[in-house]
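Undergrad: Generate coordinates for the sequence data below:
(2 chains)
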Protein chains: 2
Amino acid sequence: MWILRINMTDLSYRLEELPSAYKNLAGRAMTSTLVSEEVPPLCHPLGPHNKLVFSPGIVTGTTAPTSSRISVGAKSPLTGGIKESNAGSSWGRDIARMQIKALVVEGKPADKKMFHGVSVTWDVAAGKPKVEFFDATEYTKKDLYKVFPKLYKRFGKKISIAGCGMVGEHGYGNAGVVFNDLAKRPSRYSGRGGLGSVMGSKSLKFIVLNANGAPGVEIADKVLFEEGRKKMLEALQTHDITKPKGALNTYGTAVLINILNEAGGLPTRNFSSGRFEGAAKIAGEAIFEGNKQRVGKEVYNHACSPGCTIKCSNTWYNVNGSKRASCVEYESDWALGANCGIDNLDDIATMIHLCNAYGLDTIETGVTIAVAMEGGVIPFGDSKGAIRLIKEMGKGSALGRALGGGTGFAGKAFGVVRVPAVKGQGMPAYEPRAVKGIGITYATSTMGADHTAGYTIAPEILGVSGKQDPLTPEGKAALSRAFQAATAFIDSTGHCLFIAFAILDIAAGFQGMIDECNGVLGTKWTANDVNAYGAEVLKKERAFNEAAGLGKELDRVPEFMTIEQLPPHNHVFDVPEKALDSVYGEM
Amino acid sequence: MWILRINMTDLSYRLEELPSAYKNLAGRAMTSTLVSEEVPPLCHPLGPHNKLVFSPGIVTGTTAPTSSRISVGAKSPLTGGIKESNAGSSWGRDIARMQIKALVVEGKPADKKMFHGVSVTWDVAAGKPKVEFFDATEYTKKDLYKVFPKLYKRFGKKISIAGCGMVGEHGYGNAGVVFNDLAKRPSRYSGRGGLGSVMGSKSLKFIVLNANGAPGVEIADKVLFEEGRKKMLEALQTHDITKPKGALNTYGTAVLINILNEAGGLPTRNFSSGRFEGAAKIAGEAIFEGNKQRVGKEVYNHACSPGCTIKCSNTWYNVNGSKRASCVEYESDWALGANCGIDNLDDIATMIHLCNAYGLDTIETGVTIAVAMEGGVIPFGDSKGAIRLIKEMGKGSALGRALGGGTGFAGKAFGVVRVPAVKGQGMPAYEPRAVKGIGITYATSTMGADHTAGYTIAPEILGVSGKQDPLTPEGKAALSRAFQAATAFIDSTGHCLFIAFAILDIAAGFQGMIDECNGVLGTKWTANDVNAYGAEVLKKERAFNEAAGLGKELDRVPEFMTIEQLPPHNHVFDVPEKALDSVYGEM
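TA: Numbers count the residues shown, from 1 in each chain, chains lettered A, B, ... in the order given. Below you'll find the predicted structure:
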């Protein structure tokens, strides 16, 4: 097992044996450990001392269902703190199969004009990975949908691709790291926190993997692993949310549009209401029905990555039955839809496609555009104007740059006071004033405003693991703390966070996850151990952030949410500061 | 003695008797106390809970020489921390004469379309100030040089004016509060930290004062005050830097260009060298000689505000002998000149004039433009391009907005790594790598990078109060600490910081400052007391910043200065973090 270090200063690489102390680290635990230990907290995120770390999860590359996540970590250009953002892609599987536990990109070249690519293949004779650099300048400043086919043509159909889009070349705070989906498209993203610009700052355009001949993941206890895998699969296949033709497989994540709208927690027109009158027109149900009409039959969703049994990735089709965009996720649909006052699914899909083509995080893009709308740049509801703004971001025009820095940045550019961001990162699709627990997660997460860091929506809105009143702040700090720790572990296993629905409700599923990990690693973890593991990851991240100047004073939602009531419930965000401070204070 | 509160939410005002606890507070001590006590540290700087506080110094409005400073304070949109920025203007004298110790602007109107003005006059019959509001919308979006004459026409020649320019209306982090000079021009600025945007965010365009009939400043011990005034005057009139036809009166502050260039500490082309080959062409000597040629005789400088005996404000003349711009200060000359690789005095003067016309801080503007040059927006040395960028800032175009947020902001917009800013505020005209003490001040000041917060240049470069080696970090933390505390007191007296040259070298001058203050207030302060007073102000500011999330981790110069050697001395910034932390840690 290896740590592969790519040095962009002199285009060299070094293959290190995985130190025994890192043996049980993977995914987020690995990226956050390496960033904590090796990146100076006060370095410039786009400077030579930042490092971009890729790490597959503990069970990634195995047959464990829904586990092909790849974690990407660095100091974030968006928040100034530590960042881990993970995506589902064959890339995670392939790097895991080459037994590379971490790929660390370091340094940066003096010459900024040339961009480079890195190819990692398995050298069967040598029994280890082989690294080659190639000139990738020809792929810069281009639509990723046009570039990906060229890479497949050049390196073969079996490759997996990680890269940055043109906005990563521009250095935006809102540039993701792109990965291929199963249809070879640039549609899977470690989107949040500007990691694409860390890649771009190092003049690294693509990392192309071909795991052909690689040995695969070592499994210490195959029997135990298999037991765990079966429990996990059973849980996923039976839970209403994750089962075949269940909620996610049928309607995609956008099934949440109507649910959140009903709950009064769907942020609308830059977080000025929790209800959007056009919600039904952009909901998962509308996507399913619209596709049925346009394609002429029911279309169920597909997997984003190998081995996923949930299959929540949708496609939105044109009237003529051709594909318009994939994937119209809840967050993207909401950010570019309800939050901008836009109810036109075709235009939303176009915007998502453009974000994928350019390398933009769809959440940050939508939340930023809504702030620009509030600042008078274009009116709410102007979908053609919003498309134009995204194109400006792609071009790197002055307007694009005023927006590309993300939500907090655009708020400053346009003198906007109502800026829904924490630590500069735009808030996702759940209103803190209507769903208090998720607001606590946004405020306190080491990642900036991030729903996936502690998805209390499960109990607060969906009734998963019991139903909790979303409007009360009572007990929510403890809830967020527990979810954040559990999530940090799940993010380290390589499983998609969506397994949480099944394993929170089905105890055997939860045990299955632990068994899988114990099976791979040869550990004897209990439920307590995995929570402690997650808490340990959070503490490392927190310490990095504090050293980077992001202390607990910044663990707050923006002021306007504490003084402005949100319709329809007319609540402010009323979680006491003491409760917010207790999330990490009592961890 | 009064605190005058202007409520912009409902256009009302309240005149409060000065609380006895505030009796000895004035200038920076007053603004920082009121901001600390009344502004929530985490409020949005442009939101309703920020307050803009104006306060004249202890001796402002008296006959004490060079003491017409007015402090302006608020939470800064640029740094996110507390801000005090002071200017010399008759406005300070006039508000002091009306016995208003603090004017506090609070709230903001719901309707953003209208801008308002406030007129404060002295009601002789009632024996107190009188406040009237007027519609100032007609004065918005206009060159301040065109607007000021209209105000004088409307309100009479005896008025003093405070206001914000069009960029304060835009909400930029780089918008100053403007004051009139003695020639009724909009050329005196509380420039730093975006205070003009705090004013603009409250839809307040101007505060017009007419002190006619006002009682003047109460002086508790006139004999003592007069003694102090004489000592101060004597010191100012005899010190080589401050005396009539001395360095400042002859060459203006730009006399420093050649001195710093010689010392290798004149930041050039975005802080990439400490020497500028064009220095002589933009130096104070060149201004003096150029004017002599253009006007046909020697032109000595004028006072920026009533009662100043130093008279360092210059004018740069056109070839035909007409006035081109006032004032070409060292900082402005450097920021828009050497730091941008520009050596054309006419173009630099044009840029300064435009900054004054729009309401921009010249330092932040020049440092921002140099960062944009580094980011490839225009080449270094392109003075016509730089003029164009300033015009874009005025217009509020997308490009202008990408620049208007200031140095740190523009660095993010254009993906620049070499960004000379601390806490988002651009560094002034002294290179931290060549002058270590001033670097410590930049890093640790509560204000962000600010030379006036602890001007160690006096001993490190000018040999005032003894000469210290600028290149050594030894002893400089203590030096910066002492200077920061002394400065916080001077900023509270209403004296211009330039008295420091004289009072540091001439002990009687220092005693004169204390005598003046004791004379006005009836206190019995010693030198120890005034240092403690200054330290107390700093502690309040520091506590505000910590609560606002600006902790000691951010008391650092940017990373590039710690790793990149600066020609000609080839030093990095080598002050240990421990020394930086000791500045406030051991206060």
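Undergrad: who does the nearest residue in space to A:Gly448 that is not next to it in sequence bridge with?
TA: Closest residue to A:Gly448 in three dimensions, ignoring its sequence neighbours and counting by Cβ to Cβ, 6 or more residues apart in numbering or on different chains: A:Gln425, at 3.0 Å. Where C-beta positions appear, they are placed from N, C-alpha and C, glycine not excepted. Beta bridges link A:Gln425 to A:Val422, judged by DSSP bridges.
Undergrad: any weak-confidence spans in chain A?
TA: Within chain A, the set of residues satisfying pLDDT under 70 is empty.
Undergrad: Show the contacting residues for the residue in the stretch 51-200 of chain A positioned nearest to chain B.
TA: Residue of the stretch 51-200 of chain A nearest chain B, by Cβ to the nearest Cβ: A:Gly171 (2.2 Å). A:Gly171 is in contact with A:46, A:77, A:197, A:200-201, B:414-416, counting by Cβ atoms under 8 Å, 6 or more residues apart in numbering or on different chains.
Undergrad: Return the member of these nearest to A:Lys540.
TA: Of all these, the one with the least separation from A:Lys540 (Cβ to Cβ) is A:Pro77, at 20.1 Å.
Undergrad: Now name the helix or strand holding the closest one.
TA: Taking DSSP states H and E as the definition, A:Pro77 sits outside all helices and strands.
Undergrad: From B:Gly509, how far off is the residue nearest to A:Gly448?
TA: To B:Gly509, A:Gln425 is 52 Å away according to Cβ to Cβ, to the nearest Å.
Undergrad: Okay, helices next: where are they in the stretch 101-250 of chain A?
TA: For the stretch 101-250 of chain A, applying DSSP state H, counting those that start in this stretch gives helices covering A:144-155, A:166-170, A:195-201, A:222-238, A:247-251.
Undergrad: got TSV for the ones you listed, with mean neighbour count too?
TA: Putting these into TSV (neighbours: other Cβ atoms under 10 Å in any protein chain shown) gives the following:
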stretch	mean neighbour count
helix A:144-155	16
helix A:166-170	27
helix A:195-201	31
helix A:222-238	19
helix A:247-251	23
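Undergrad: Leaving aside the residues adjacent along the chain, what's closest to A:Glu17?
TA: Leaving aside its sequence neighbours, A:Glu17 sits nearest to A:Trp2 (Cβ to Cβ, 6+ apart; 6.8 Å).
Undergrad: residues in contact with that neighbour?
TA: Counting by Cβ under 8 Å, 6+ apart, A:Trp2 makes contact with A:15-18, A:98-101, A:128-129.
Undergrad: Tell me what it is bridged to.
TA: On the basis of DSSP bridges, A:Trp2 is bridged to A:Glu17, A:Ile100.
Undergrad: what separates the helix or strand where A:Leu4 lies from the chain centre, distance-wise?
TA: Under the criterion of DSSP H and E, A:Leu4 resides in strand A:2-7. Strand A:2-7 has its C-alpha centroid displaced from the chain centroid by 23 Å (Cα atoms, centre = their mean, to the nearest Å).
Undergrad: What is the neighbour count of the nearest residue to the residue of the stretch 51-200 of chain A closest to chain B once chain neighbours are set aside?
TA: Using Cβ to Cβ, 6+ apart and skipping residues adjacent in sequence, the residue nearest A:Gly171 is B:Gly415, 2.2 Å away. B:Gly415 has 25 neighbours, counted by other Cβ atoms under 10 Å in any protein chain shown.
Undergrad: Same check on A:Ala183?
TA: So A:Ala183, with other Cβ under 10 Å, has 12 neighbours.
Undergrad: try the one 5 residues further on
TA: Residues near A:Arg188, counting by other Cβ under 10 Å, number 30.
Undergrad: any idea how far it lies from A:Met98?
TA: Noted for A:Arg188: a distance of 19 Å to A:Met98, by Cβ to Cβ.
Undergrad: again, but for A:Ala370
TA: Going from A:Ala370 to A:Met98 by Cβ to Cβ gives 42 Å.
Undergrad: How about A:Thr452?
TA: 27 Å.
Undergrad: With neighbour numbers in mind, choose between those two.
TA: A count of neighbours by other Cβ under 10 Å puts A:Met98 above the other of A:Thr452 and A:Met98, at 30 against 21.
Undergrad: For the nearest residue to the more buried one once chain neighbours are set aside, give me its contacts.
TA: Spatial nearest neighbour of A:Met98, chain neighbours left out: A:Ala214 (4.4 Å); criterion: Cβ to Cβ, 6+ apart. Shown in contact with A:Ala214 (Cβ under 8 Å, 6+ apart): A:94, A:97-99, A:122, A:129.
Undergrad: and what of A:Asn258?
TA: Shown in contact with A:Asn258 (Cβ under 8 Å, 6+ apart): A:279-280, A:283-285.
Undergrad: quick one: which of those is nearest to chain B?
TA: Within the contacts of A:Asn258, the smallest distance to chain B is 28.4 Å, found for A:Ala279 (Cβ to the nearest Cβ).
Undergrad: how about that closest one, what does it touch?
TA: Contacts for A:Ala279 (Cβ under 8 Å, 6+ apart) come out as A:257-258, A:261, A:266, A:338, A:343.
Undergrad: got the contact list for A:Leu462?
TA: By Cβ under 8 Å, 6+ apart, the contact set of A:Leu462 is A:241, A:259, A:501.
Undergrad: and if you look at A:Pro568?
TA: A:264, A:273-275.
Undergrad: What subset of those is buried?
TA: Using 16 or more other Cβ atoms under 10 Å in any protein chain shown as the burial test, those include A:264, A:273-275 as buried.
Undergrad: Just flag the most distant two among those.
TA: Greatest spatial distance in these: A:Gly264 and A:Ser273, 8.5 Å, computed using Cβ to Cβ.
Undergrad: shared neighbours of the two, anything?
TA: A:566-568.
Undergrad: Break chain A into its domains for me.
TA: Per the record, chain A has its domains at A:2-210, A:247-419, A:422-497+A:525-587, by automatic domain parsing.
Undergrad: for chain B, what are the nearby residues on the stretch 401-550 of chain A?
TA: Residues of the stretch 401-550 of chain A found near chain B (Cβ under 8 Å from any Cβ of the partner chain) are A:401-402, A:404-405, A:409, A:412-417, A:419, A:546-550.
Undergrad: Now, the residues you listed that are in helices?
TA: Of those, the ones assigned to helices by DSSP state H are A:401-402, A:404, A:409, A:412-413, A:546-547.
Undergrad: Buried ones among these?
TA: The neighbour count (16+ other Cβ under 10 Å) marks A:401-402, A:404, A:409, A:412-413, A:546-547 as buried among these.
Undergrad: In contact with A:Ser36, which residues?
TA: A:Ser36 sits next to A:82, A:540-541, A:543-544 when contact means Cβ under 8 Å, 6+ apart.
Undergrad: residue contacts, the residue with the largest distance to the centre of chain A?
TA: Centroid-distance maximum for chain A: A:Ala125 at 36.5 Å, with Cα atoms, centre = their mean. Contacts here follow Cβ under 8 Å, 6+ apart; on that basis A:Ala125 touches nothing.
Undergrad: Please enumerate the helices of the stretch 251-400 of chain A.
TA: Under DSSP H, counting those that start in this stretch, the stretch 251-400 of chain A gives helices at A:256-263, A:279-282, A:284-295, A:330-336, A:345-358, A:362-374, A:383-395, A:398-404.
Undergrad: Now do the fourth one: distance to the chain's middle.
TA: In other words, helix A:330-336. Its chain's C-alpha centre and that of helix A:330-336 lie 13 Å apart, by Cα atoms, centre = their mean.
Undergrad: Check which helices and strands it is in contact with.
TA: Judged by 3 or more Cβ pairs under 8 Å, 6 or more residues apart in numbering or on different chains; DSSP states H and E, helix A:330-336 is in contact with helix A:256-263, helix A:345-358, helix A:362-374.
Undergrad: same deal with the third one?
TA: Using 3+ Cβ pairs under 8 Å, 6+ apart as the contact test, the elements touching helix A:284-295 are helix A:247-251, helix A:256-263, strand A:316-317, helix A:345-358.
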